[in-house]
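**Student:** Structure, please.
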Amino acid sequence: MLGLRVRLICFTVVLLTGCLSAWDVGGPFACSPQGACATGFTCDDGVCCKPGSTPACPTLPSPNNTCASGAAPQLWFVDADQDGYGNPRLASERCAQPLLGTWSTTGTDCDDTQPSVHPGGAEQCDGRDNNCNGVIDEGLSPQTPFFADVDGDGFGAGPALSACAAPPGYVASNSDCSPFDPTKFPGAPETCNGLDDNCNGVSDADEPASAFADVDSPAQALPCLTSQPGQCQRGVFRCQVQTDGGVQRACAALLTPSREVCDGVDNDCDGLTDEPPDCGGPVSLLGVPGATYAAQRLTSTTNLSTRCQKNEPGVAETALADGTWQGGTAGSFHVWSVEAPPGQLWDLSNPNATMSVIFQASAVGRDATRGAWGNPSTGDGLNPVVYLCGSDTDLMRYRLISPLDGFKGDDTSFSRALQLKAVGTPWLIGQGSGFDTTRVKRVELVVYSYATSFTISLAADAGFSR
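**Tutor:** Next comes the predicted model:
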């Protein structure tokens, strides 16, 4: 304990008394790995300190630009290549040489990335000013002209620079006709853009077909409009090789038709924008072309809150495309589902979207106190529950807040609008919510029945609206 106290006292007066010949950058005042310190402290050479105060800083001068000894601070220069000469553009006033990094009091290095380059260095045939006198490869031969390759395409342009080896960024060729564009150089493939890509001085119209390495590439092509609607209208000119060896430009769409999503764009290029069912879901859940209808009695309820139910363990029941759903076995959960056609998804991301849940029902057999569908006074009767499914584990689950709002007792009909954002409505977004509602694959309807058998008939207007 005494040793630690002595260490702290010495650190505090390190510049005043000289009791330490070096500071411990891993000690109690060490900066964070990111070089951060507590408020009011400064990170100096790996330790947290206060310039001109306590704890004293190892190298930084006080705010009035003096050192603890009363002397003025000295300029130190970063010496990245460790050749004894620092970078004149990276200097700092310090009261002592920093321990971290390599520093020099001489800031005359003309290239601090190369240890062979510094004042007094031996000139070598490497295209560099090794002795920092402003002349490259002086006294060495043979001297060759080199040209700046600004765009890095291997071809240079501009005034020549004589050296016995290519300086960094220079090449021997000065034939670049477009020195600031890396796609244009001697031998580059032509594109149908009205520009001289291969630097041969010949226009696109006069180039042979062989000059166009990839006639289908849109690179550097001029924009155009196709005759197609929506996102397929915007295009670029692409070159087509003719039988006579010439090249003809044709406008080709940049994008092909894709799934319609609710983004204000005609994605499927059919002349309509944001139309159902891809955007907004099917207006009617019944008779959707190519859709899959299924129903089953669930034999496991372990994952009712966390998964969609179509593929959970169960016994198949009747589900027809006209909305007929027949099931049975008292005291069971039942699920009906409609799944989008293969390759199709429904975008239900519009927060104002509404699902109409409407059906008629009849039942045989009932519980004496709960009826066919549940008794709100006993806490049940939350029928129905709605699932929007991206997959079995990606879902949005909706249930009614109050049993009084549900399908209950011996009711024979149910009609209620489900606003998908479910804010200030009788519906609640339940556990398992939060998936990407632009990619809904399936809609499920779950009910609990006390009836021996039942028939539910969904209405034609059960579906989505915006």
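
**Student:** can you pull the contacts of Pro313?
**Tutor:** Going by CB atoms under 8 Å, 6 or more residues apart in numbering, Pro313 touches 298-300. Glycine gets a C-beta too; all of them are placed from N, C-alpha and C.

**Student:** These, buried ones only, as a ChimeraX selection?
**Tutor:** In ChimeraX, this line selects whichever of the contacts of Pro313 come out buried by 16 or more other CB atoms under 10 Å:
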select :298
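
**Student:** From the contacts of Pro313, pick the one nearest Leu286.
**Tutor:** Leu298 (22.9 Å; CB to CB).

**Student:** Buried residues of stretch 103-112, list them for me.
**Tutor:** 103-104, 107, 109-112.

**Student:** Filter the residues you listed down to the ones in strands?
**Tutor:** Among those, the residues falling in strands (DSSP state E) are 103-104.

**Student:** how about TSV for the buried residues of stretch 103-112, with pLDDT and distance to Thr318 added?
**Tutor:** Converted to TSV, the buried residues of stretch 103-112 look like this (pLDDT from 0 to 100; distance: CB to CB, whole Å):
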residue	pLDDT	distance to Thr318
Trp103	94	84
Ser104	93	88
Gly107	89	88
Asp109	92	86
Cys110	91	87
Asp111	90	83
Asp112	90	81
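
**Student:** Throw the buried residues of stretch 103-112 into a markdown table and include distance to Gln124, thanks.
**Tutor:** Output for the buried residues of stretch 103-112, formatted as a markdown table (distance: CB to CB, whole Å):
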| residue | distance to Gln124 |
| --- | --- |
| Trp103 | 26 |
| Ser104 | 22 |
| Gly107 | 23 |
| Asp109 | 16 |
| Cys110 | 14 |
| Asp111 | 12 |
| Asp112 | 17 |
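
**Student:** Can you pull the domain assignment for this structure?
**Tutor:** 204-253, 292-465 (automatic domain parsing).

**Student:** least reliable of those domains going by mean pLDDT?
**Tutor:** Set side by side, those differ in mean pLDDT, and domain 204-253 is lowest with a mean of 71.

**Student:** Endpoints of that one, how far apart?
**Tutor:** 21 Å (CA to CA, to the nearest Å).

**Student:** ok, now stretch 30-39?
**Tutor:** Start-to-end, stretch 30-39 (CA to CA) is 14 Å.

**Student:** I'd like the distance between Leu99 and Thr59.
**Tutor:** 8 Å (CB to CB, to the nearest Å).

**Student:** My error: substitute Gly127 in the last question.
**Tutor:** From Gly127 to Thr59 the distance is 37 Å (CB to CB).

**Student:** With neighbour numbers in mind, choose between the two.
**Tutor:** Thr59 (25 against 19; other CB atoms under 10 Å).

**Student:** Then that one would be within a strand, right?
**Tutor:** No. Assessed with DSSP: H, G, I helix; E, B strand; the rest coil, Thr59 is coil; it does not lie in a strand.

**Student:** That one and Pro341: what is the separation?
**Tutor:** If you go by CB to CB, the gap between Thr59 and Pro341 works out to 72 Å.

**Student:** what's stretch 334-345 in contact with?
**Tutor:** Counting by CB under 8 Å, 6+ apart, 259, 277-278, 282, 285, 288-298, 309-310, 312, 314, 317, 319, 325, 327, 346, 438-449, 456, 458 sit against stretch 334-345.

**Student:** repeat for stretch 354-368
**Tutor:** Contacts of stretch 354-368 (CB under 8 Å, 6+ apart): 281, 323, 330, 372-373, 384, 386, 407, 410-420, 443, 445, 449-459, 461-466.

**Student:** As a check, name the ranges of all helices in the stretch 51-200 of the chain.
**Tutor:** Assigned by DSSP state H, counting those that start in this stretch, the stretch 51-200 of the chain shows no helices.

**Student:** Give the residue spans of it that score low on pLDDT.
**Tutor:** 193-194 (pLDDT under 70).

**Student:** in it, which spans are strands?
**Tutor:** 74-78, 91-94, 103-104, 144-148, 157-163, 170-171 (DSSP state E, counting those that start in this stretch).

**Student:** Quick check: which of those strands has the most neighbours on average?
**Tutor:** strand 103-104 (a mean of 20; mean count of other CB atoms under 10 Å).

**Student:** That one pairs with which strands?
**Tutor:** Strand 103-104 has its sheet partners listed here by DSSP bridges as strand 74-78 (antiparallel).

**Student:** from the middle of its chain, how far away would the partner strand be?
**Tutor:** 42 Å (CA atoms, centre = their mean, to the nearest Å).

**Student:** follow-up on the earlier one: now list whatever residues contact both of Leu99 and Thr59.
**Tutor:** Common neighbours of Leu99 and Thr59 (CB under 8 Å, 6+ apart) are Asp45.

**Student:** Make a markdown table from the strands of the stretch 51-200 of the chain and add distance to Ser356 to it.
**Tutor:** Supplementary listing: these in a markdown table, determined by distance: least, CB to CB, whole Å:
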| stretch | distance to Ser356 |
| --- | --- |
| strand 74-78 | 71 |
| strand 91-94 | 71 |
| strand 103-104 | 75 |
| strand 144-148 | 70 |
| strand 157-163 | 69 |
| strand 170-171 | 71 |
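
**Student:** Out of these, flag the one nearest Ser227.
**Tutor:** strand 157-163 (42.3 Å).

**Student:** ok, and what's touching the closest one?
**Tutor:** Under CB under 8 Å, 6+ apart, the answer for strand 157-163 is 127, 136-137, 143-148, 150, 167, 170, 174-177, 179.

**Student:** repeat that for 10 Å
**Tutor:** 125-129, 135-138, 140, 142-151, 167, 169-171, 173-180 (CB atoms under 10 Å, 6 or more residues apart in numbering).

**Student:** Stretch 371-383 too?
**Tutor:** By CB under 10 Å, 6+ apart, stretch 371-383 touches 330, 333-334, 361-367, 369-370, 384, 399-412, 414, 428, 445-454.

**Student:** And that stretch, end to end?
**Tutor:** 13 Å.

**Student:** I am finished for the moment; much appreciated.
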